[in-house]
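Colleague: Fold the following, please.
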Amino acid sequence: MFWENTIWFVLLGMTTILELVLIFRKADDRKRTAAVYLTISGMTFCFEMFVLSYLKAYDYYPKIFPDSPADDNIAGNLFSQFSVSATALLLAVFDLNGVWKLIFIAAYSGIEEGFKALGIYRQHWYRTWMTMVSLLLLFWLAKHTYAAGRNYLKRWVRYLFIFLGLITLHEHLIVWVLRLTGIRLLSEHVLPDKEHSLVVLSAVYMLLLSVFVMFLYFSSIRWGWKLLLLAILYFGHWLAARYNLILYKESWMWIASSISIWSMYGFTFLLDKLYGSSPEPKP
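Modeller: Residues are numbered from 1 along each chain as shown. So this is what the prediction gives:
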C-alpha cells in the first residue's frame, strides 16, 4: 500500500517542505511569516473539511489509516491543505503574479487528475475546474493576508488571524490526536449522517473553546472572573460527556479536557508572540 498509495502523498509533502524552506529563506520576518502560514492553513482546513466531509465532494486514499476511512481521508486532506497553503504563501512572499499563478494552478490540476488516475483520490460531484477557481481565490486571500500580517493589524483582524491559526494547531495536534489514540471521540450520532455530526460538533467545539480561551488570554478582567470562566469550561466538558456529545476513554475525561483547554491557551500564546507587536499605522 505504501508504494501504491502513500508514497504519492509523501512526495506531495516533500514539495511542501521545499516550498516552506524557500519561503523562510526569503521572508524578512520569519516569525510573522510562520504565523501567517498557520492562518492560511486554517482557512484551507475550514474549506476542505466543509467540502470534503460535510458536502462529500471527494475522498482521499493515502492508506495511512487503512482501517479507518474517515481518518485516512483526513490524513489525505492534511497533505493537500498544507501543500496549497504553502504554495499560496510562496506566491505572496515572492510577489509572483500572473503566469506563475497559472503555472501552479495547472500543476495542481495535473496532480488532481494524476491522483484520480492512480486511484488514490476520487471525486463525487466535485470537478477539477472547481479546484482551479478555488486556488485563484486562495491565492488572492493569501496575498492580502500576508500583506496584512506584515503591517499594523486592527484588533479584530489580529483575533481573526489567531483564531484561524488555532484551528490549524488545535484541530491537528490535539483534537485529531486524541481521536486517533481513542482517548476522546466526538459523537457520530448528533445528526443522521456520521460525518455531518463530526464536522458540526468539531466546529462548535472549536468555536466555543477558542473564544473562551482567547477571552481568558487577552482580557484584563480580574483573576477571580478568569477562574470562574475556567471552571465553566471544565463544567462544559463534563456536561458534553454527560450527554454523550464527547466520549472519553475511561478515567481520561479530566486529563483530556485539561490537555485540550491548556494547549489552546498555549497555542494562543504562541500565535500572539509570533504575530508580535503590530507597528502603529502611519497617520
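Colleague: what about the helix or strand residue 139 falls within, average pLDDT?
Modeller: Under the criterion DSSP states H and E, the helix or strand holding residue 139 is helix 128-149. For helix 128-149, mean pLDDT is 95.
Colleague: same check, this time on stretch 48-55
Modeller: For stretch 48-55, mean pLDDT is 87.
Colleague: Equivalent analysis for stretch 271-283, please.
Modeller: Rounded mean pLDDT across stretch 271-283 is 71.
Colleague: Kindly state the domain boundaries assigned to this structure.
Modeller: With domains defined by automatic domain parsing, the chain comprises 2-149, 158-275.
Colleague: Who are the contact partners of the residue positioned nearest the centre of the chain?
Modeller: Nearest to the geometric centre of the chain sits residue 168, at 3.1 Å (C-alpha atoms, centre = their mean). Residues in contact with residue 168 (C-beta atoms under 8 Å, 6 or more residues apart in numbering) are 38, 39, 41, 42, 45. In this view, the C-beta of every residue, glycine as well, is placed from N, C-alpha and C.
Colleague: repeat for residue 142
Modeller: Contacts of residue 142 (C-beta under 8 Å, 6+ apart): 40, 85, 88, 89, 91, 92.
Colleague: distance of the second one from residue 44?
Modeller: The reference is to residue 85. Separation of residue 85 from residue 44 (C-beta to C-beta, to the nearest Å): 5 Å.
Colleague: again, but for the last one
Modeller: Between residue 92 and residue 44 the distance, using C-beta to C-beta, works out to 14 Å.
Colleague: ok now do residue 164, which residues does it touch?
Modeller: Residue 164 touches 38, 39, 40, 42, 43, 46, counting by C-beta under 8 Å, 6+ apart.
Colleague: at 6 Å what do you get?
Modeller: Neighbouring residues of residue 164 by C-beta atoms under 6 Å, 6 or more residues apart in numbering: 39, 42, 43.
Colleague: Show me the strands in this structure, by range?
Modeller: 58-60, 121-123, 184-186, 246-248 (DSSP state E).
Colleague: Out of those strands, flag the one nearest residue 273.
Modeller: strand 184-186 (27.8 Å; C-beta to C-beta).
Colleague: Quick check: can you name the pairing partners of the closest one and their directions?
Modeller: Sheet partners assigned to strand 184-186 using DSSP bridges are listed as strand 246-248 (antiparallel).
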